[in-house]
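>>> here is my input, please return the structure:
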Amino acid sequence: MSSVLRPPALHHLLSLQVTVVASRILASQHAGLAPVKGRELRDPVAPTPLSFEDPRAFRVKSWWELMRALGVFRLCSFPALVNNCGKVMTFTRTILGKRAFAKVLRPFVYAQFVAGETEKEISESMEKMSSLGLRPMLAVPIEEDLGESTGERRYDDNLAAMLECVRMSHCNSWSKDPMMQLKITALVSPELCVKLTCLLKEQQYDLDLLVGAMNSEAVVFPGLSDSENTHFLCGLRRLDQIGEASINKVRILVDAEYTYMNPALSLITMAMMKKFNQDDAWIWNTYQCYLKESRDLLLEAIRLSKEQSFCLGVKLVRGAYMDKERKLADKERRTDPIHETWECTNDCYNGSLDVMLNVISQHPDRYKIIVATHNEESVRRAVARMDELGIDRNGGSVCFGQLLGMCDHVSLTLAQQGFLVYKSVPYGSVDDTLPYLVRRAQENRTVLQGIRKERDLLRQEVRRRIQEKIARAK
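Numbers count the residues shown, from 1 in each chain. Next comes the predicted model:
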């Protein structure tokens, strides 16, 4: 039997070489010593600067949507409430009962951040989004972490939900180059991903063997027990079904999770890329720029895509698991994987963004990125760099992403300027989406507590409408 492992020394050496070389190239480009190949830089033009200060971006919202957003954002401005939202919701549901709790939550928090439960409700939400120039990135609200695995049947049920998401993303009138999000731990147990991550510290699995397993070949992965090997094969075949269903239809954005399992998730994602991304980027990976290693991981992915001849799709985020990562590192007495300061995270995000935009300017058909951020400065930087490099706004190689119900002043402004903008859209019942919403609130509480500007713009739009009505009445 052929080995599924490669010696770690060679892999480490290649990684070091590409990091050094790529860093030198990037530094040279920043210093003006190396021209961008392929497509020439545009002549300096003074493009209209993006302004996210105009409340007119909210003119498309109804009175109820404005008031609901103001109320929800006001609640989100209280740190104690956001930090304990899971306990508060559990207590409220216990007091009110399941049905009454759902009726109370549905018109407010649920409606702000969730598209709906039935396909009709989802389609109505997506059609309105499409009319505003925004595109959907559907997310099945499946949450699993260590200790939450419940057996193969649960993973098969999750697969059915994912395949339904692929179908719904593709077959509706609002679907134009649709995307959807995928959590690998919904199809492969988190415990196995952690064990694979530990094994990868010693030796590297070969992508061809994972691709073979996806193709139903009998593969034995060293280091795994018989039951773990069987589960891994089942998980890879589930992922293969999603890849087969989505290719040429829906772009799959694989979520990054915690550092104790991310290497395994990236390995699986790269194997999917090798199989399904030969001609276009249908499978994308996520890079969390609050991690110190994130830029090196991105450079390694670019190198691997060239070596293995597949297209690379990148979802670039800052990251959402900072508190848990730091507590775990402290508990295990290991180096904190998170950047020391917010400024370091910003530098990493903007540097990684520059790397991808430079590569895209040379090979727009082979590399794609979604700039997934609520940070206005990073959005402006991306737009300015796109203009400098001559990257088309609606060419499909670069797009922007924000969460449904948040940062609409950025999303709508970008869409009005002709950029491709996606909203991350969870859907499902109140019970199904509640764990998802609680985790997203806790992961993004810094963003939630810092939405004062969006609240101010919403208030300005409310005042404008009131003044307009008064003026008409005179």
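
>>> do a quick rundown of the strands in the stretch 201-350 of the chain.
Under the criterion DSSP state E, counting those that start in this stretch, strands of the stretch 201-350 of the chain are mapped to 204-205, 251-254, 283-288, 312-317.

>>> could you report the neighbour count for Trp342?
11 (other CB atoms under 10 Å). C-betas here are computed from N, CA, C, even on glycine.

>>> and what of Glu217?
Neighbours of Glu217 using other CB under 10 Å come to 10.

>>> check what pLDDT it gets.
pLDDT recorded at Glu217 is 94.

>>> phi, psi for it please.
phi -80, psi 150 (degrees, to the nearest 10).

>>> show me the contacts for it.
Glu217 makes contact with no residue, according to CB atoms under 8 Å, 6 or more residues apart in numbering.

>>> ok, now how distant is it from Arg452?
Per CB to CB, to the nearest Å, Glu217 is found 55 Å from Arg452.

>>> stretch 245-264 - what's its average pLDDT?
94.

>>> and if you look at stretch 297-316?
Mean predicted confidence for stretch 297-316 is 97.

>>> pretty sure Lys195 is touching Glu228, no?
Yes. Using CB atoms under 8 Å, Lys195 is in contact with Glu228, at 6.9 Å.

>>> which element, helix or strand, includes Met129?
helix 119-131 (DSSP states H and E).

>>> could you dump whatever helix or strand comes next after that helix to PDB, C-alpha only?
Beyond helix 119-131 on the C-terminal side, the first helix or strand identified by DSSP H and E is strand 135-139. What follows is strand 135-139, C-alpha atoms only, in PDB (Å, rounded to 0.1, in the frame of the first residue of the first chain):
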ATOM      1  CA  ARG A 135     -26.100  38.400  -3.200                       C
ATOM      2  CA  PRO A 136     -26.800  35.500  -0.800                       C
ATOM      3  CA  MET A 137     -24.300  33.300   1.000                       C
ATOM      4  CA  LEU A 138     -26.600  30.800   2.600                       C
ATOM      5  CA  ALA A 139     -25.400  29.200   5.900                       C
END
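
>>> how far does strand 135-139 sit from the chain's center?
10 Å (CA atoms, centre = their mean, to the nearest Å).

>>> other SSEs contacting that strand?
helix 119-131, helix 152-171, strand 179-182, strand 421-426 (3 or more CB pairs under 8 Å, 6 or more residues apart in numbering; DSSP states H and E).

>>> just want the angle from it to helix 119-131.
140 degrees (axes from the mean of the first three to the mean of the last three CA atoms, to 10 degrees).

>>> picking that back up, how about the helix holding Met129: buried residues?
Buried residues in helix 119-131, counted by 16 or more other CB atoms under 10 Å: Ile122, Ser123, Ser125, Met126, Lys128, Met129, Ser130.

>>> ditto for stretch 356-372
356-361, 363-364, 366-372.

>>> now swap in stretch 128-144 and tell me
So, applying 16+ other CB under 10 Å, buried residues of stretch 128-144: 128-130, 132-144.

>>> tell me which of the strands of the stretch 201-350 of the chain approaches Leu298 most closely.
Closest approach to Leu298 among the strands of the stretch 201-350 of the chain (CB to CB): strand 283-288, 5.1 Å.

>>> who does that closest one pair up with?
The strands that strand 283-288 pairs with in its sheet are strand 251-254 (parallel), strand 312-317 (parallel) (by DSSP bridges).

>>> got the ones you listed as JSON lines, with mean neighbour count columns?
Shown next, in JSON lines, are the strands paired with strand 283-288 (neighbours: other CB atoms under 10 Å):
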{"stretch": "strand 251-254", "mean neighbour count": "24"}
{"stretch": "strand 312-317", "mean neighbour count": "25"}
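
>>> any chance of a markdown table for those, columns distance to Cys234?
What follows is the strands paired with strand 283-288, written out as a markdown table (distance: least, CB to CB, whole Å):
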| stretch | distance to Cys234 |
| --- | --- |
| strand 251-254 | 18 |
| strand 312-317 | 25 |
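
>>> helix, strand or coil: sort out Gln402 for me.
Classification of Gln402 using DSSP: H, G, I helix; E, B strand; the rest coil returns strand.

>>> ok, it - how many residues close by?
24.

>>> could you check which helix or strand contains the nearest residue to it once chain neighbours are set aside?
Of all residues beyond its chain neighbours, the one nearest Gln402 is Ser411 (5.0 Å), with distances taken as CB to CB, 6 or more residues apart in numbering. With elements taken from DSSP H and E, the one containing Ser411 is helix 408-416.

>>> packing partners of that helix?
Using 3+ CB pairs under 8 Å, 6+ apart: helix 408-416 touches helix 376-389, strand 398-403, strand 421-426, helix 452-473.

>>> taking helix 452-473 as reference, get the angle to that helix.
Going by the same axes, to 10 degrees, helix 408-416 makes 80 degrees with helix 452-473.

>>> residue ranges in the protein under the pLDDT threshold?
1-49, 143-150, 440, 442-450 (pLDDT under 70).

>>> residue contacts, the residue lying closest to Glu127 once chain neighbours are set aside?
Counting by CB to CB, 6+ apart, Trp174 is the residue found nearest to Glu127 once chain neighbours are left out, at 5.1 Å. Contacts for Trp174 (CB under 8 Å, 6+ apart) come out as Ser123, Met126, Glu127, Met129, Ser130, Pro136.

>>> rerun at 6 Å
By CB atoms under 6 Å, 6 or more residues apart in numbering, the residues touching Trp174 are Met126, Glu127, Ser130.

>>> surely the first one touches Arg135?
No. With contact defined as CB atoms under 6 Å, Met126 and Arg135 do not form a contacting pair (9.0 Å).

>>> report the two of the buried residues of stretch 356-372 separated the most.
His363 and Ala372 (21.1 Å).

>>> the helices in the stretch 1-150 of the chain, which residues?
8-31, 63-76, 79-83, 85-96, 98-105, 111-113, 119-131 (DSSP state H, counting those that start in this stretch).
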